[in-house]
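Asker: okay, structure incoming, though there's no sequence with it:
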């Protein structure tokens with residue numbers, strides 16, 4: 001298995017995991033969960049500017065940082081906790 005295939009498999013597994021956690025939530029929240037999971041893993045950091053850099057979006061990095069911060073500042077819906085609990089119990 002080459003490097004590119006391993007990355008694709010990892011991204012797919014991470015996408016599936018984030019989709020389970022954010023099931024039933026709005027599309028922007030689902031994108032946030034996927035971005036924060038992938039970005040933190042790719043950057044090997046929990047610093048928002050480093051996560052934004054790892055996401056390599058077409059927008060300015062400051063806009064990505066502000067979007068991530070805005071979602072982090074919001075209260076996490078109870079649905080996310082319930083979804084996570086269901087995943088752990090499986």
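Answerer: Perfect, thanks for sending it. Everything numeric here is computed off the predicted structure, so don't read it as measured data. Numbering: from 1, shown residues only.
Asker: residue 70 is in contact with residue 29, correct?
Answerer: No. In terms of CB atoms under 8 Å, residue 29 does not count as a neighbour of residue 70; the distance is 11.1 Å. Where C-beta positions appear, they are placed from N, C-alpha and C, glycine not excepted.
Asker: more neighbours: these two, which one.
Answerer: Applying other CB atoms under 10 Å to residue 29 and residue 70 shows that residue 29 carries more neighbours, namely 17 against 11.
Asker: secondary structure element for that one?
Answerer: helix 27-43 (DSSP states H and E).
Asker: quick one: list the elements packing against that helix.
Answerer: For helix 27-43, the elements it packs on are helix 3-21, helix 48-55, helix 61-73, judged by 3 or more CB pairs under 8 Å, 6 or more residues apart in numbering; DSSP states H and E.
Asker: ok and it relative to helix 48-55, angle-wise?
Answerer: Here helix 27-43 points in a direction 90 degrees away from that of helix 48-55 (axes from the mean of the first three to the mean of the last three CA atoms, to 10 degrees).
Asker: OK, contacts around residue 61?
Answerer: Applying CB atoms under 8 Å, 6 or more residues apart in numbering to residue 61 gives the contacts 49, 52, 53.
Asker: same thing but at 10 Å, please
Answerer: Contacts for residue 61 (CB atoms under 10 Å, 6 or more residues apart in numbering) come out as 48, 49, 50, 51, 52, 53, 55.
Asker: and if you look at residue 86?
Answerer: 20, 21, 23.
Asker: of those residues - the most surrounded one?
Answerer: residue 21 (19 neighbours).
Asker: quick one: secondary structure of the residue nearest to it when sequence neighbours are not counted?
Answerer: Spatially, and ignoring its direct neighbours in sequence, residue 21 is nearest to residue 83 (5.2 Å; CB to CB, 6 or more residues apart in numbering). Of the three states, residue 83 takes helix under DSSP: H, G, I helix; E, B strand; the rest coil.
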